[in-house]
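>>> Got a predicted model here, sequence first, then my questions.
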Amino acid sequence: MALYRPGQRSNTSFLTSSIVIIVLLTIIIAGHLVIIFDLWFYFTKGTGMKELSALIDIAEPWLWISVVAALIMDVWVVIYMRKGHQKAERR
């Protein structure tokens with residue numbers, strides 16, 4: 001087992017955290033795009049999620065799952081940022 005200095009991480013943990021961050025950012029971006037296009041179709045055509053589901057050929061429940069996941073991650077990011085800000089103020 002290799003010895004690491006404080007603050008230094010292994011290549012495996014770096015790769016794992018990078019993959020997790022990329023996946024989470026992709027989910028956040030996709031969920032917000034679904035929200036934007038849902039609102040666009042709702043106000044222009046009055047159909048909303050049904051039109052978007054037919055356009056990109058993905059079942060409507062999966063689109064709603066992506067929206068909910070993006071909103072949950074938004075809340076998680078805000079809470080995480082506030083905790084980091086509070087830790088910085090204590091220092």
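Perfect, thanks for sending it. Numbers count the residues shown, from 1 in each chain.
>>> gap between residue 49 and residue 67?
Here the distance between residue 49 and residue 67 works out to 9 Å (C-beta to C-beta, to the nearest Å). C-beta coordinates here come from the backbone N, C-alpha and C atoms, glycine included.
>>> actually residue 73, not the one I typed
For residue 73, the distance to residue 67 equals 11 Å [C-beta to C-beta].
>>> thinking again about what came up before, which residues are in contact with both of residue 49 and residue 67?
Any residue near both residue 49 and residue 67 by C-beta atoms under 8 Å, 6 or more residues apart in numbering counts here, and that gives residue 38.
>>> which residues do residue 73 and residue 67 both contact?
residue 31.
>>> Okay, and residue 29 sits in which element?
Residue 29 is part of helix 11-44 when elements are defined by DSSP states H and E.
>>> Residue 50 sits in which helix or strand?
helix 49-56.
>>> packing partners for that helix?
Here helix 49-56 is seen to pack against helix 11-44, helix 60-90 when contacts are counted using 3 or more C-beta pairs under 8 Å, 6 or more residues apart in numbering; DSSP states H and E.
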